[in-house]
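1. build me a model:
(2 chains, ligands or ions: 1)
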Amino acid sequence: MTKIKRRTFVGLAAATTTALSMPSIAFGALPRVVVIGGGAGGATAAKYIAKDSKGAIDVTLVEASKRYYTCFFSNLYLGDFRAYGSIGHNYYGLAVNHGVNMVHEWALSVNNAAKKVNLGSGESISYDKLVISPGIDLKFESVNGYSAEAQSKMPHAWKSGTQVQLLKNQVKGMKKGGTFVMVPPPNPYRCPPGPYERVSMIAHQFKKSNPTAKIVILDPKNKFSKQGLFMEGWQKHYPGMIEWISAETHGGIKKINAATMEFETDLDTFKADAASVVPAQRAGRIAMNAGVNKGDWCPIVPASMQAQADENIYVLGDASIAKSMPKSGFSANSQAKVAANHIRGSLTGSKVFTPRFANTCWSLVATNDGIKVGANYKATAEKIDKTSGFISKTGEDSNLRKATYEESIGWYSGITSDMFS
Amino acid sequence: MKSKLVLLSIVFSLIFTNSIFADQKQLVGADADYGEHLFGECVTCHNSTGLGQGIPKITGMKTNQFITKILAYKSKEKENAVMQMVAERLGEEEINSLALYLSKLK
Ligand SMILES: Cc1cc2nc3c(=O)[nH]c(=O)nc-3n(C[C@H](O)[C@H](O)[C@H](O)COP(=O)(O)OP(=O)(O)OC[C@H]3O[C@@H](n4cnc5c(N)ncnc54)[C@H](O)[C@@H]3O)c2cc1C
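-> Model (predicted):
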């Protein structure tokens, strides 16, 4: 089987420019990779498999939307540091520069035995290797009283898109001196510092236009990412505006009521004038459908990102259990390159290098006050293990914080160009 | 005869004055394919096409300059937490492979 493919590859590689005009039988003889999800993990994987195989692998990317709005920097849009249009990206570059076949549809199910992906249109696409990077689904029911309906009054805005615009509209329209309630999710979730960067950006809005407003964070956790750095920044830039209440202090959120905007806890009932509720999360539904999950998330083989449940499927990004890497766009991009190299190796016999993983997450606390946390990782038999890392320090010089913010702008332009062009 | 001399002197000057050419001879253990693979890690942040706002462009960097900078991050002489972390796990083979790949990029 592999031999036949390899021979076909040699013939076709010499004539890649004419591949499009070839009869479909010859075209179908190329090894096929299907990628579900064109986000940080999937777009990167599709690009690198196509780019590095130089036409030897037929790559199809199944992505529901024609435009991808990044979650990263969506907080900066809330704080007016970024225009909404600037965080939207299209897939032309993947098609034009790398020959990725874009299919803008929902993948409905996976037939593992027949190695087929069934699409919303009723068509199906077969694969030799399948990459699943669908991001997250929200467990609305994890917060008593929250639901898909309540998301219009208390947007989660955790999958980017118009939810973020709705949240901004509600923040800007909040009554003077009102209270904004933020409910962050429990671990593990997409972007550990995200809820606290969001609070910082909303505080930045209020400082400009609604300086007597208050922000209450009802956290289901007792500590959070970059806590010391955020707390210091809030004290410095928004004194008296933000109150963080840990789970052990409020005793748990018993019930929320979207109609009255009330949050019931053991400590008190909090009334909000605007709110954002981010519930618990799980891997995107298609991962469950493909049977590669174990509970809410998908166990993987650390060295390759192959699903433990099916060696022909790779799971990337937020959907995977990539412990100890956080669920971030940077992590997903890094994992995608490991998987792409492994997939190409197994389909064309190209060299497979020792996997290397890395992550850095930047957050913005206030104008020119950026902070960051990062780590290197390597694959062991059990997990993706942290080998070294760093975090910004409290009391850092303002020039360094400004440079860190500017660095984050460079990173955004870098990663989005790496994903889409 | 004259043209042969000119050619000879061009070859001569290439060998001894073209730093890229000279450098490449010293890139012990360098493998351009490995360099290309490792470069994937760089372009998560270093935009290979844009203006290099916030994070400098590294494409087009001279081989010597690249190696000197990476070594300075590795020894923590040069400041930047992310780059120190990146450089920390690059050995000679990795640095040279990256240098070789970078020198071949337009
Ligand atoms: C507020 C916020 C701030 C953040 N900030 C940062 C940051 O600064 N840095 C950072 O690194 N990360 C950040 N993140 C995290 C980052 O956005 C995610 O970790 C990253 O997007 C995960 O990539 P992914 O490929 O797993 O999923 P996604 O990027 O979500 O991509 C999934 C894609 O799959 C598609 N899809 C899903 N199911 C199907 C299907 N069945 N058929 C077809 N298409 C499908 C979706 O439409 C989507 O485009 C932030 C997140 C949030 C919410």
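2. give the contact list for the residue lying closest to residue A:94 once chain neighbours are set aside.
-> Leaving aside its chain neighbours, residue A:94 sits nearest to residue A:100 (4.1 Å; criterion: Cβ to Cβ, 6 or more residues apart in numbering or on different chains). Any C-beta I mention is one placed from the backbone N, CA and C, and that applies to glycine too. By Cβ atoms under 8 Å, 6 or more residues apart in numbering or on different chains, residue A:100 lies in contact with A:46, A:47, A:50, A:59, A:60, A:61, A:91, A:94.
3. now residue A:100: how far from the ligand?
-> Per Cβ to the nearest ligand atom, to the nearest Å, residue A:100 is found 14 Å from the ligand.
4. what distance do you get for residue A:209 to residue A:80?
-> Separation of residue A:209 from residue A:80 (Cβ to Cβ, to the nearest Å): 10 Å.
5. and chain B, which residues reach chain A?
-> Contact residues, chain B versus chain A (Cβ under 8 Å from any Cβ of the partner chain): B:33-34, B:36-38, B:40-41, B:43-50, B:52-55, B:81-82, B:84-86, B:88-89.
6. what about the residue of chain B found nearest the ligand, how many residues close to it?
-> Residue of chain B nearest the ligand, by Cβ to the nearest ligand atom: residue B:44 (9.3 Å). Here the number of neighbours of residue B:44 (other Cβ atoms under 10 Å in any protein chain shown) works out to 22.
7. start and end of stretch A:273-286, how far apart?
-> 36 Å (Cα to Cα, to the nearest Å).
8. how about that stretch and the ligand, touching?
-> Yes. Residues of stretch A:273-286 contacting the ligand under Cβ under 6 Å from any ligand atom: A:284, A:286.
9. now the element after the helix or strand residue B:73 falls within, going C-ward?
-> Per DSSP states H and E, residue B:73 falls inside helix B:63-74. The C-terminal neighbour of helix B:63-74 among helices and strands, as given by DSSP H and E, is helix B:81-88.
10. so what touches that following helix?
-> Here helix B:81-88 makes contact (Cβ under 8 Å, 6+ apart) with A:358, A:360, A:372, A:374-376, A:388-390, A:392, A:407, B:41-42, B:45, B:70-71, B:73-74, B:76, B:78.
11. drop anything exposed from the residues you listed.
-> Neighbour counting with 16 or more other Cβ atoms under 10 Å in any protein chain shown marks A:358, A:360, A:372, A:374-376, A:389-390, A:392, A:407, B:41-42, B:45, B:70, B:73-74 as buried within the contacts of helix B:81-88.
12. at contact distance from the ligand, anything in stretch A:225-235?
-> No. Stretch A:225-235 stays clear of the ligand (Cβ under 6 Å from any ligand atom), getting no nearer than 11.3 Å.
13. helix or strand for residue 93, which one?
-> Going with chain A. Going by DSSP H and E, residue A:93 is in helix A:92-98.
14. the intended chain is chain B.
-> Using DSSP H and E, the element containing residue B:93 is helix B:92-104.
15. now that helix: mean pLDDT?
-> The pLDDT scores in helix B:92-104 average 94.
16. which strands and helices sit next to that helix?
-> Helices and strands touching helix B:92-104, by 3 or more Cβ pairs under 8 Å, 6 or more residues apart in numbering or on different chains; DSSP states H and E, are helix B:19-25, helix B:32-42, helix B:63-74.
17. pick out the residue of the stretch 201-350 of chain A closest to chain B.
-> The nearest approach of the stretch 201-350 of chain A to chain B comes at residue A:337, 4.5 Å away (Cβ to the nearest Cβ).
18. I'd assumed residue B:42 was in contact with that residue.
-> No. Using Cβ atoms under 8 Å, residue A:337 makes no contact with residue B:42, being 11.1 Å away.
19. skipping adjacent residues, who's closest to residue A:268 in space?
-> Closest to residue A:268 by Cβ to Cβ, 6+ apart is residue A:250, at 7.5 Å.
20. how close does the one you found sit to residue A:214?
-> According to Cβ to Cβ, residue A:250 stands 16 Å off from residue A:214.
21. ditto for residue B:65
-> Using Cβ to Cβ, we find residue B:65 at a distance of 52 Å from residue A:214.
22. which one's more surrounded, the two?
-> Ranked by neighbour count (other Cβ under 10 Å), residue B:65 and residue A:214 place residue A:214 first, with 18 against 14.
23. the helix holding residue B:93 to helix B:32-42, inter-axis angle?
-> 90 degrees (axes from the mean of the first three to the mean of the last three Cα atoms, to 10 degrees).
24. what's in contact with helix B:92-104?
-> By Cβ under 8 Å, 6+ apart, helix B:92-104 touches B:20, B:23-24, B:27-32, B:34-36, B:38-39, B:42, B:58-59, B:61, B:63, B:66-67, B:70-71, B:90.
25. so, low pLDDT: which residues of the chain?
-> Here I'm looking at chain A. When residues are selected by pLDDT under 70, those of chain A lie in A:1-28.
26. my question was about chain B
-> Scanning chain B for pLDDT under 70 picks out B:1-25, B:50-51, B:106.
27. 50 instead?
-> Within chain B, the ranges that satisfy pLDDT under 50 run B:1-3, B:5-22.
28. all helices for the stretch 151-300 of chain A, in order.
-> A:162-173, A:194-209, A:227-237, A:247-250, A:285-289 (DSSP state H, counting those that start in this stretch).
29. would JSON lines of the ones you listed with distance to residue A:384 be doable?
-> Shown next, in JSON lines, are those (distance: least, Cβ to Cβ, whole Å):
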{"stretch": "helix A:162-173", "distance to residue A:384": "30"}
{"stretch": "helix A:194-209", "distance to residue A:384": "21"}
{"stretch": "helix A:227-237", "distance to residue A:384": "24"}
{"stretch": "helix A:247-250", "distance to residue A:384": "28"}
{"stretch": "helix A:285-289", "distance to residue A:384": "18"}
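30. which of those sits most buried?
-> helix A:194-209 (a mean of 22; mean count of other Cβ atoms under 10 Å in any protein chain shown).
31. how far does that one sit from the chain's center?
-> Between the centre of helix A:194-209 and the centre of its chain there are 21 Å (Cα atoms, centre = their mean, to the nearest Å).
32. around the ligand, pick out the residues from chain A.
-> Selection of chain A residues close to the ligand by Cβ under 6 Å from any ligand atom yields A:36-42, A:62-65, A:68, A:71-72, A:74-75, A:106-107, A:133-135, A:158, A:190-191, A:194, A:198, A:284, A:286, A:316-319, A:327-330, A:332, A:361-362.
33. filter these down to the buried ones.
-> Buried residues within the residues of chain A next to the ligand, counting neighbours by 16+ other Cβ under 10 Å: A:36-42, A:62-63, A:68, A:71-72, A:74-75, A:106-107, A:133-135, A:158, A:190-191, A:194, A:198, A:284, A:286, A:316-319, A:327-330, A:332, A:361-362.
34. out of those, who's near chain B?
-> Residues of those in contact with chain B (Cβ under 8 Å from any Cβ): residue A:330.
35. so of the buried ones among the residues of chain A next to the ligand, which ones are in helices?
-> Residues of these located in helices (DSSP state H): A:40, A:41, A:42, A:74, A:75, A:194, A:198, A:286, A:329, A:330, A:332.
36. which residue ranges of the stretch 51-200 of chain A form strands?
-> Using DSSP state E, counting those that start in this stretch, the strands found in the stretch 51-200 of chain A span residues A:58-62, A:67-69, A:88-90, A:101-103, A:107-111, A:116-119, A:124-126, A:129-132, A:136-139, A:179-183.
37. out of those, which is the most enclosed?
-> strand A:129-132 (a mean of 28).
38. any residue of that strand touching chain B?
-> No. Using Cβ under 8 Å from any Cβ, strand A:129-132 never reaches chain B; the gap is at least 15.9 Å.
39. note down every partner strand of that strand and its orientation.
-> Strand A:129-132 sits in its sheet next to strand A:32-36 (parallel), strand A:310-315 (parallel), going by DSSP bridges.
40. how far does that strand sit from its chain's centre?
-> Taking mean C-alpha positions (Cα atoms, centre = their mean), strand A:129-132 and its chain are 17 Å apart.
41. and the contacts of helix B:92-104, which are buried?
-> The buried subset of those (16+ other Cβ under 10 Å) comprises B:23-24, B:27, B:30-32, B:34-36, B:38-39, B:42, B:58, B:61, B:63, B:66-67, B:70, B:90.
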